[in-house]
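>>> attaching a predicted model along with its sequence, questions to come.
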Amino acid sequence: MRTLVIGGGIAGTATALGLRRAGLDVEVYESRPDAARDIGAFLTLASNGMRALTQLDAAGAVGRAGYPLTSMRVLDAGGAEIAHVPLGEAADPVLRYRCLRRGELSAVLRAEAVRRGVPVRHGARLTGVEQGPDGVTARFADGTTATGDLLIGADGLRSAVREALDPGVRPVHAGQRVFYGYTDTAPAAPGDALITMVRGSTAAFGYAVSPLGETSWFARVPGGPGAGAGEDTAADRRELLLGLLRQDRTPAAGLVEATTGELMVTDATEIPIGTRWRHGRALLVGDAAHAASPATGQGASMALEDAVVLAKCLRDAPGTEAALVRYEALRRPRVEHNVTASGALSRGGAPGARRDGPPPPRPGEADLVRHLDWTTDLWETTDDAGA
């Protein structure tokens, strides 16, 4: 089977690694003109994401690119610690949460794909998808085409594949603006494998400190789509955020004040649940199919799960159609629960309500280890995918 993967980010390269391991002929097409690293915001990979990476034989490489997080503390608006709990499977060094930048994760996965012989073509901006009885063809802006048996749209929130196949589906705003920044001059203790969440009166804030002393932080604040877009400079954006954070007695304002670089600002967005993933010989995965707001911190981990489960379904099922049906049955309840839970956190309740930390139990949690274990057969398994 020849498979075209559109998108060379986290979801696309992870999917390519899974498909290659399953024995498929796979090529990745990325719209960016070269492999220059987009550093981007920081993210945390939860234990389920690290478990998926172990099945792709990439957990070691990703682990070396980031640093572990073994516990989470929660502060209230007055700066008092109200909780301190272990994170995920902290006792297992391989499955510990990892903190790293989005671009670093993409670069590691891309390097692994290339090392294993997966072709990655850059500068391939998709302009159309054509399907026939014997194959699917991707058309690119430079006039070239590629034809395969299956096309995987792994090209993110603003997926060109989704636009080509289902143009009526659009991301929707999830009620918040999200700020990200970094500082290496903040007065925070490095190397304690701790992430701190702050339940502020008007903003949710979180930060972690690397072993080298760099603090990565985020802030989620209420606001409509594009709110604050009129603030054109980093100083304006910082003051907008500081005006909210200074209302509380927490470390948040000090961390933002110590950030001298430009702040990253984006909308919290999601793909509405119930949208189509499969379109004949094309399938959407990762954020292209089920993007969630960042509140639960599960976006990358869910995409990594997708990569493993899809590869196993294509390996185990008696045909492509059966494989895609099985894949969707296994994945949809789980990822759409995450979209719903994360959106509820982003849209928020009263100030001070629980807004951070691991998501509520998701459908399929009890069966996740078996679903991800490369040695199990996903076609023969009889568990309820939504249980």
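Everything's here; your move.
>>> CA only for contacts and neighbour counts going forward, please
Noted.
>>> make sure I have this right: residue 98 is in a strand.
Yes. Secondary structure of residue 98 (DSSP: H, G, I helix; E, B strand; the rest coil): part of a strand.
>>> check contacts around it.
Residue 98 is in contact with 44-46, 63, 66-69, counting by CA atoms under 8 Å, 6 or more residues apart in numbering.
>>> now it: closest residue in space, sequence neighbours ignored.
Closest residue in space to residue 98, ignoring its immediate chain neighbours: residue 68 at 4.5 Å, by CA to CA, 6 or more residues apart in numbering.
>>> and if you look at residue 173?
residue 269 (4.5 Å).
>>> just for this structure, where's the confidence low?
Within the chain, the ranges that satisfy pLDDT under 70 run 35-39, 187-191, 226-232, 234, 349-363, 381-387.
>>> residues in contact with stretch 365-384?
Outside stretch 365-384, the residues that touch it by CA under 8 Å, 6+ apart are 51-52, 55, 305, 308-309, 312-313, 316-317, 326, 387.
>>> only the buried subset of the residues you listed, as a ChimeraX command please.
Buried residues among these (16 or more other CA atoms under 10 Å), as a ChimeraX selection:
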select :51,52,55,305,308,309,312,313,316,317,326
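>>> so which of the contacts of stretch 365-384 are in helices?
51-52, 55, 305, 308-309, 312-313, 316, 326 (DSSP state H).
>>> helices of the stretch 101-250 of the chain, start to end?
Along the stretch 101-250 of the chain, counting by DSSP state H, counting those that start in this stretch, helices occupy 102-115, 160-165, 234-245.
>>> now the shortest one, how far from the centre of its chain.
The one in question is helix 160-165. Centroid separation between helix 160-165 and its chain, computed with CA atoms, centre = their mean, to the nearest Å, is 19 Å.
>>> now do the strands in the stretch 251-387 of the chain.
Using DSSP state E, counting those that start in this stretch, the strands of the stretch 251-387 of the chain run over 264-270, 278-279, 282-284.
>>> please identify the most buried of these.
Of all the strands of the stretch 251-387 of the chain, strand 282-284 has the most neighbours on average by mean count of other CA atoms under 10 Å, namely a mean of 23.
>>> out of the contacts of residue 98, who's the most crowded?
Sorting the contacts of residue 98 by how many neighbours each has (other CA atoms under 10 Å) puts residue 45 first, at 28 neighbours.
>>> tell me what it is bridged to.
Per DSSP bridges, the residues bridged to residue 45 are residue 98.
>>> would you mind measuring the gap between the ends of stretch 287-301?
Start and end residues of stretch 287-301 are separated by 11 Å (CA to CA, to the nearest Å).
>>> per-domain residue ranges of the protein.
Listed domain ranges for the chain are 2-66+102-172+271-372, 174-269 (source: automatic domain parsing).
>>> my read: residue 282 touches residue 154, true?
No. Assessed by CA atoms under 8 Å, residue 282 is found out of contact with residue 154, at 10.6 Å.
>>> mind putting the domains of the chain into TSV with distance to residue 79?
Shown next, in TSV, are the domains of the chain (distance: least, CA to CA, whole Å):
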stretch	distance to residue 79
domain 2-66+102-172+271-372	12
domain 174-269	4
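>>> so which of those domains gets nearest residue 87?
Residue 87 sits nearest to domain 2-66+102-172+271-372 of all these, at 8.2 Å, using CA to CA.
>>> quick one: distance of the closest one to the chain centre.
Here domain 2-66+102-172+271-372 is found 8 Å from its chain centre; the criterion is CA atoms, centre = their mean.
>>> ok, stretch 235-254 next?
Distance, centroid of stretch 235-254 to centroid of chain: 27 Å (CA atoms, centre = their mean).
>>> render the CA-only coordinates of that stretch in CSV, please.
Taking Å, rounded to 0.1, in the frame of the first residue of the first chain, the C-alpha atoms of stretch 235-254 are listed here in CSV:
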residue,chain,number,x,y,z
ALA,A,235,5.2,45.5,25.2
ASP,A,236,1.5,46.1,24.6
ARG,A,237,0.7,42.4,24.8
ARG,A,238,2.8,42.1,28.0
GLU,A,239,1.0,45.0,29.6
LEU,A,240,-2.4,43.6,28.7
LEU,A,241,-1.5,40.3,30.3
LEU,A,242,0.2,41.9,33.3
GLY,A,243,-2.9,43.9,34.1
LEU,A,244,-4.7,40.7,34.7
LEU,A,245,-1.9,38.8,36.5
ARG,A,246,-1.0,41.7,38.9
GLN,A,247,-4.5,41.3,40.5
ASP,A,248,-3.2,38.1,42.3
ARG,A,249,-0.3,37.4,44.6
THR,A,250,1.4,34.6,42.6
PRO,A,251,4.7,34.2,40.7
ALA,A,252,2.9,34.8,37.4
ALA,A,253,3.3,38.5,37.0
GLY,A,254,7.0,38.3,37.9
